[in-house]
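curious how this folds, go ahead:
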Amino acid sequence: MKLKRNIKYFAHPTAEIHETAVIGDGSKVWNYSQIRENVTIGKNCILGKNVYLDFGVTVGDNVKFQNNCSIYHGAVIEDGVFIGPHVILTNDKYPKAVNEDGTIKTDADWVVGNILIKKGASVGAGSIVLPGITIGEGAMVGAGSVVTKDVKAGSVVFGNPAKEYAKES
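Numbers count the residues shown, from 1 in each chain. Take a look at the predicted model:
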């Protein structure tokens, strides 16, 4: 691994950061976190303990990941997003280890389902977001939710499956 020069972010000694990852100034990567190849992280982000960012994930500025998040490739997270503890952003709608003939699946055997979390959105603790989902700007996903459909900008959703909260007049 090459030594990075002019590093202007904090990385705990136990963090694993691939040499091709780009991390913005002022960001903090805490203990046991793993950042894989070709990840881009913006400025002033915080990755709590044991956060996993799969290859190719893109993260904007001022994003906060609480402990134990798993963010798989195909995810794009815009500026100012909050990701609560134990959140999972998935990328495979039909996960299988093997094909019908019993051979191990490879990258060529499935299609990545992308996830987009727009500016200022929040995803509460323990939530799971299924592939192919967009969470709109400023939206909030309540803790423990399973997000199976797009979330409108500014809305509040929760539950399994996550449904929009109807505000009382």
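
list the contacts for the residue at minimal distance from the centre of the chain?
In the chain, the centroid-proximal residue (Cα atoms, centre = their mean) is I71; its distance is 3.6 Å. Contacts for I71 were tallied using Cβ atoms under 8 Å, 6 or more residues apart in numbering; they are V51, Y52, L53, D54, V57, F65, I77, I83, V87, I88, L89. Backbone N, C-alpha and C define where each C-beta goes, glycine included.

can you do 10 Å?
When contacts are counted by Cβ atoms under 10 Å, 6 or more residues apart in numbering, I71 touches 35, 39, 47, 51-54, 57, 59, 65, 77, 83, 87-91, 115, 117, 129.

helix, strand or coil: sort out A108 for me.
Secondary structure state of A108, per DSSP: H, G, I helix; E, B strand; the rest coil, is helix.

tell me, how many neighbours does it end up with?
Neighbourhood size, A108 [other Cβ atoms under 10 Å]: 5.

how about E16: what's its closest non-neighbour residue?
Q34 (4.5 Å; Cβ to Cβ, 6 or more residues apart in numbering).

where's that neighbour relative to T40, distance?
15 Å (Cβ to Cβ, to the nearest Å).

now swap in V156 and tell me
Taking Cβ to Cβ, one finds V156 at 29 Å from T40.

next one: A21
8 Å.

and stretch 81-100, end to end?
39 Å (Cα to Cα, to the nearest Å).

can you get me the centre-to-centre distance for that stretch and its chain?
Here stretch 81-100 is found 10 Å from its chain centre; the criterion is Cα atoms, centre = their mean, to the nearest Å.

much appreciated, bye for now.
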